[in-house]
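J.: just coords:
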């Protein structure tokens, strides 16, 4: 059967639109209320938004970095894209993280993608006095993101049982 790419979605079955807005076994979703709840749930990550440049160390190698953090999809996700390069311009590390507020669990979550082909989903928790941390558990790497007093951003990656971060970056806005 050929599909007409110009046809209206669900034009042949208008009841399907209602079906697609109902979670299995539940009432219809109030999308406006969800938008408000999700964007409010992302508020603790507001300090991350913007473009950042910085210097640090990754696995014992000095690096410079660029970090871009932006709200996407109507402000319902936050995307962070980071690239670290060595002094000779060679790429040391590249990753992307998509933060979201899980309304059903009332929790922040991150989906983390990292070369080469690694993907993980993590719970994001607040740090005291400010910032956030995410990890998969006590034996997994831990990522800490903290605003600094000078208006910058400190990012640290800790390995389990390590006495110092495996990687760290001090970012400032350009």
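T.: Sure thing, it's come through. All values derive from a computational prediction rather than experimental measurement. Numbers count the residues shown, from 1 in each chain.
J.: so, low pLDDT: which residues of this structure?
T.: Scanning the chain for pLDDT under 70 picks out the ranges 1-26.
J.: which helix is the longest one in it?
T.: When the chain is scanned for its longest helix (criterion: DSSP state H), the result is helix 31-41.
J.: and that one, what does it pack against?
T.: In terms of contacts (3 or more Cβ pairs under 8 Å, 6 or more residues apart in numbering; DSSP states H and E), helix 31-41 is packed against strand 91-102. Every residue, glycine included, has its C-beta placed from N, CA and C.
J.: report the inter-axis angle for the strand it packs on versus helix 31-41.
T.: Strand 91-102 and helix 31-41 meet at an angle of 130 degrees, taking axes from the mean of the first three to the mean of the last three Cα atoms, to 10 degrees as the criterion.
J.: could we number from 33 for the rest of this?
T.: New numbering, starting at 33: the last item is strand 123-134.
J.: other SSEs contacting the helix or strand following strand 123-134?
T.: Counting by DSSP states H and E, the next helix or strand C-terminal to strand 123-134 is strand 139-146. When contacts are defined as 3+ Cβ pairs under 8 Å, 6+ apart, strand 139-146 sits against strand 123-134, strand 150-158, strand 164-167.
J.: so which of these gets nearest residue 200?
T.: Nearest of the helices and strands packed on strand 139-146 to residue 200, taken as Cβ to Cβ: strand 123-134 at 12.1 Å.
J.: redo the helices and strands packed on strand 139-146 as TSV? Include mean neighbour count and distance to residue 69.
T.: Compiled in TSV, the helices and strands packed on strand 139-146 are given as follows (neighbours: other Cβ atoms under 10 Å; distance: least, Cβ to Cβ, whole Å):
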stretch	mean neighbour count	distance to residue 69
strand 123-134	18	7
strand 150-158	14	16
strand 164-167	19	19
